[in-house]
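[1] just need the structure, nothing else, for what follows:
(2 chains)
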Amino acid sequence: MLVDSPPEQQRAETAPAPPSRRAIRALGLLAAVAVLVLVALASIAIGAKSLSVGEVWHGLFHASGTYGDAVVGDRLSRTLLGLLAGAALGLSGAVLQALTRNPLADPGLLGINAGASAAVVTAITFFGVTTLSGYVWFAFLGAAAVGALVYLLGGSRGATPVRLALAGTAISAALYGYLQAVMIMDNAALGKMRFWTVGSLSSATDRTIEQVLPFLVIGTVLALALARPLNAMAMGDDTARALGAHLNRTRALSMAAATLLCGAATAACGPIVFVGLMIPHVVRSFTGPDLRWILPYATVLSPVLLLGADVVGRMIVRPAELQVGIVTAILGGPVFIFLVRRRRTAQL
Amino acid sequence: MKDPRTPGRPGASGTAEGSARAFHPRAVRTGGLSVRLDVRAATVVVLLLVAALAASVVLIGTGDFPISAGDVLATLTGNGNAGQEFIVTELRLPRVLVGLLVGASLGLGGALFQSISRNPLGSPDVLGLGQGATAGALVVIVLFSGSATAVTAGALAGGLVTGLGIYLLAWKRGVHGYRLVLVGIGVAAMLTAVNGYLITKADLVDAARAVVWMTGSLNGRDWTQVWPLLALCAVLVPLVLGKARGLRMLEMGDDVAYALGVRVERTRLLLMLAAVLLTAAATAAAGPVGFVALTAPQLARRLTRSPGPNLVPAMCMGATLLIVADWASQRAFGADQLPVGVVTGVLGGVYLLWLLVAERRAGRV
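    Predicted coordinates for the structure are as follows:
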């Protein structure tokens, strides 16, 4: 009896489970996409001037140059940028959390955003760069440099959540000091930068999207392709090597993907924190640790959060608006503190 | 009492072994009283005090109207001419005094926080107290266009509320080091967003004023800032130093401290409250001058080479650092061009990176 019962139980549990669980997850992903479409429509409809569903439909598919159509056109590029940037931030957060095996990793918290900001400020003030296509390269450079630095200072392989968070915070603090010095010396830079540094979608145009799109596409494809080796690495370096994963190549590609995604998103809409932190946690709570599901879900659900935060920001102080970076920080802070207070995380 | 060779065993330092141990702590006993004196730490404190005062004299002499060090000393002792007396006592002395007090408060507050969180990076800058005080000040500057006094009050309130909030959020059957630091980082990120929002709300003139305030500056400080800060320090510093013994035991871990008779949570709450008050008051007076609270205790510890919180050396180091940084910013960029916070920020940033590498190598972070 004692010998017989475990296999029976196992069979009862595992045999029917895999296909149905996969089906449920696939359906869930479809539902998430549906939610995303709804939020995107809300983002087009809601704002200083509210539009009806009919007007949105008209503007999207039969645009004839009415006032409503113009509003739809404006909000469309903003919504598209939100979609792209949100997906990029969530995906880069998920990749960083997997790479560092650290539940608190987030591009904002790790200082990558600050690196991009500092580089962009430098470009605007000292090199006279004014166009996005010019300073997107600076943003990448800053993001990559700080990403590598934090990873090295945090202890590369032996990195713990605390070490990485501290290294990121320390570098952000130093870079923000530099930002302030530049803004004090140059009032014109202050006028521009104070809006950029909070993180906003309001300056989005079709040009912006065109410029960052290639980077985001490459980064997204790269990140999604890394799900399998990162899964292997989650079991520890030795096991991963035994399973045939190339550790160094995976690490380098993951950093490259995270930097591409985060750098491009930051260049387009300024530093936005906590999106990359929150969404992977939410996703993990119902997909489990399998990155092949976490990454697609994060790609779909992060823009839901970003666009949702943008809509909220437009609604609560109408007709002005609260920048999306502020809304996500104020929503994300409590989530972060909740995660820290959970015993397991704080002990890692 | 048993040792006849009191006080201080002066003969011991003559031998070769004695000179090698010359800086080690020793007991000074007179009659029934016995005090443990760390000679190296005491020497460091004296040297830092001398350095701070010398830098202060030089700083008073620096500006659009330079005054020689001899004249400054003469004026301070009441023998200067009328013009110099006005410049020294009305314009520059209060600024220097604010600098000394702010530096000392930040150094002490930083040492307390680093000791309580048992982490060299657990300073008020990282924990979000600076951002909290900034948020308070910005609310006053941006939403109410308040006076300097109102800004000070706002910063004080902001710092205190933030300190209390961090303590409560980090509380879970006691406050522990890493949780405190990480909760602080989360709060700091939220407050940074709030501050960014307030700056976008302001018109450009207010925004420029706010950014200068946020960097930390000693420009235009007068006697009205000196007195409250001095009074606060006069109350808190003896209180904190009296509790230093308990803090030293807390560094050995809660269980050990408890076994040694320290009321752990009570001591920690009291010291944190004192640290928050010191930091908030200093920030209210000069703005969140970056990195002094972080670097001063670390530098002090490296100079005294003694374990434990090193409260008094950290205080003296903070005062010295701030005054020297203010002098450096005036020399390098001209009078009142760039606030002192820029200099401490840049120097502190570099130091911080080095600290991270060094601590990691030693396996302490």
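[2] quick check: the residue of the stretch 1-150 of chain B nearest chain A.
    Using CB to the nearest CB, residue B:121 is the residue of the stretch 1-150 of chain B that sits closest to chain A, at 4.8 Å. All C-beta spots, glycine's among them, are computed from the backbone N, C-alpha and C.
[3] for that residue, list the residues it contacts.
    For residue B:121, the contact set (CB atoms under 8 Å, 6 or more residues apart in numbering or on different chains) comprises A:166, A:169, A:170, B:114, B:181, B:294, B:352, B:355, B:356, B:365.
[4] quick check: which element contains the second one?
    Secondary-structure element containing residue A:169, defined by DSSP states H and E: helix A:161-185.
[5] re the thing from before, look up how far residue B:179 lies from the residue of the stretch 1-150 of chain B closest to chain A.
    14 Å (CB to CB, to the nearest Å).
[6] spell out which residues of the stretch 251-365 of chain B are next to chain A.
    For the stretch 251-365 of chain B, the residues in contact with chain A (CB under 8 Å from any CB of the partner chain) are B:290-291, B:338-339, B:341-342, B:345-346, B:348-350, B:352-353, B:356-357, B:360, B:365.
[7] what residues of the helix holding residue A:169 count as buried?
    A:161-184 (16 or more other CB atoms under 10 Å in any protein chain shown).
[8] what does the very next helix or strand once past it contact?
    Once the chain leaves helix A:161-185, the next helix or strand it forms, by DSSP H and E, is helix A:187-196. Applying CB under 8 Å, 6+ apart, the contact partners of helix A:187-196 are A:117, A:120-121, A:124-125, A:179, A:182-184, A:203, A:270, A:323, B:196, B:199-200, B:204, B:207-208, B:211.
[9] the residues you listed in helices, which ones?
    Per DSSP state H, helices hold the following members of the contacts of helix A:187-196: A:117, A:120-121, A:124-125, A:179, A:182-184, B:196, B:199-200, B:204, B:207-208, B:211.
[10] buried subset of the residues you listed?
    A:117, A:120-121, A:124-125, A:179, A:182-184, B:196, B:199-200, B:207-208, B:211.
[11] how far out from the middle of the chain is the strand or helix carrying residue B:349?
    Assigning secondary structure by DSSP H and E places residue B:349 in helix B:340-361. In terms of CA atoms, centre = their mean, to the nearest Å, the centre of helix B:340-361 is found 16 Å from the chain centre.
[12] who does it touch, helix- and strand-wise?
    Contact partners of helix B:340-361 among helices and strands, from 3 or more CB pairs under 8 Å, 6 or more residues apart in numbering or on different chains; DSSP states H and E: helix A:132-153, helix A:161-185, helix B:204-215, helix B:292-304, helix B:311-333.
[13] need the pLDDT of residue 44.
    Went with chain A since none was named. Listed pLDDT for residue A:44 reads 85.
[14] right idea, wrong chain: chain B
    pLDDT, residue B:44: 89.
[15] how about the closest residue to residue B:292 other than its chain neighbours, what does it touch?
    Leaving aside its chain neighbours, residue B:292 sits nearest to residue B:106 (4.4 Å; criterion: CB to CB, 6 or more residues apart in numbering or on different chains). By CB under 8 Å, 6+ apart, the residues touching residue B:106 are B:124, B:278, B:279, B:282, B:289, B:292, B:293, B:296, B:318, B:322.
[16] repeat that with 7 Å
    Contacts for residue B:106 (CB atoms under 7 Å, 6 or more residues apart in numbering or on different chains) come out as B:279, B:282, B:289, B:292, B:293, B:296, B:318.
[17] can you check residue A:38 too?
    Taking CB under 7 Å, 6+ apart as the definition, residue A:38 has no contacts.
[18] over to residue B:226?
    Residue B:226 makes contacts with B:94, B:97, B:98, as judged by CB under 7 Å, 6+ apart.
[19] restricted to helices, list those.
    Per DSSP H, the contacts of residue B:226 map to helices at B:94, B:97, B:98.
[20] what's the neighbour count on residue 317?
    Using chain A here. By the criterion of other CB atoms under 10 Å in any protein chain shown, residue A:317 has 11 neighbours.
[21] that's the other chain; I wanted chain B
    Residues near residue B:317, counting by other CB under 10 Å, number 32.
[22] is it true that it touches residue B:47?
    No - look at residue B:317 against residue B:47 with CB atoms under 7 Å: they stay out of range, at 10.4 Å.
[23] what are the buried residues along the strand or helix carrying residue B:27?
    Residue B:27 belongs to strand B:25-30 when assigned by DSSP H and E. Buried residues in strand B:25-30, counting neighbours by 16+ other CB under 10 Å, are found at B:26, B:29.
[24] which elements pack onto it?
    Strand B:25-30 sits against strand B:33-38, with contacts defined as 3 or more CB pairs under 7 Å, 6 or more residues apart in numbering or on different chains; DSSP states H and E.
[25] distance between the helix holding residue A:169 and the chain's centre?
    Remark: helix A:161-185 is offset 20 Å from the chain centroid, using CA atoms, centre = their mean.
[26] pLDDT on that helix, on average?
    Helix A:161-185 comes out at a mean pLDDT of 76.
[27] do the same with stretch B:92-103
    For stretch B:92-103, mean pLDDT rounds to 91.
[28] send the alpha carbons of that stretch over as PDB?
    The C-alpha atoms that make up stretch B:92-103 are tabulated as PDB, following Å, rounded to 0.1, in the frame of the first residue of the first chain:
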ATOM      1  CA  ARG B  92      30.100  85.400   6.800                       C
ATOM      2  CA  LEU B  93      30.300  84.200  10.400                       C
ATOM      3  CA  PRO B  94      26.700  82.900  10.400                       C
ATOM      4  CA  ARG B  95      27.200  81.200   7.100                       C
ATOM      5  CA  VAL B  96      30.300  79.400   8.500                       C
ATOM      6  CA  LEU B  97      28.500  78.500  11.700                       C
ATOM      7  CA  VAL B  98      25.600  77.100   9.800                       C
ATOM      8  CA  GLY B  99      28.100  75.100   7.800                       C
ATOM      9  CA  LEU B 100      29.800  73.700  10.900                       C
ATOM     10  CA  LEU B 101      26.600  72.800  12.600                       C
ATOM     11  CA  VAL B 102      25.000  71.300   9.500                       C
ATOM     12  CA  GLY B 103      28.200  69.300   8.800                       C
END
